[in-house]
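Participant: Model the following, please.
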Amino acid sequence: QVQLVESGGGLVQAGDSLRLSCEASRRTLSNYVMGWFRQAPGKEREFVASITWRGDSTSYGDSVKGRFTISRDNAKNTVYLGMNSLKPEDTAVYYCAARDRSYGLGYRVLEYAYWGQGTQVTVSS
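Facilitator: Model (predicted):
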């Protein structure tokens, strides 16, 4: 099974940028469609972005469209989430997730079989 480890979270101010990384181990990242989700305290886990195994197609949640960018480097076994124009409402634990590449892009939590432990992003106003 693939193991996923997120990094890059932290405390930033509104309007700042941040880039999260998710490194895969035990399995080659190119076997998987990758996604990013986030969960704020007291809220359900929310879809942020997804990318196909080749990186040729992406999808974003409405709340992050135009501000966040998902990308991947299969040679480095890493997927990224670039976040610009951060807002206080972006504060959450961010998780990367993987699903078999045969299924295509995924938008729901239940569509992903493998998850990282999460990285905290806090945006102050």
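Participant: Report the separation between residue 80 and residue 71.
Facilitator: Residue 80 sits at a distance of 5 Å from residue 71 (criterion: Cβ to Cβ, to the nearest Å). From N, CA and C alone the C-beta is placed, and that goes for glycine too.
Participant: the more surrounded of the two?
Facilitator: Taking other Cβ atoms under 10 Å, residue 80 and residue 71 do not tie; residue 80 has more neighbours (20 against 15).
Participant: Run through who's touching stretch 112-125.
Facilitator: 1-14, 16, 18, 20, 22, 32, 35, 37-39, 83, 86-100, 106 (Cβ atoms under 8 Å, 6 or more residues apart in numbering).
Participant: Was I right to think residue 95 contacts residue 45?
Facilitator: Yes - if you go by Cβ atoms under 8 Å, residue 95 and residue 45 touch, sitting 7.2 Å apart.
Participant: Can you get me a residue count around the residue nearest to residue 24 when sequence neighbours are not counted?
Facilitator: Once flanking residues are discounted, residue 24 sits nearest to residue 77: 4.7 Å by Cβ to Cβ, 6 or more residues apart in numbering. Using other Cβ under 10 Å, the number of residues around residue 77 comes to 18.
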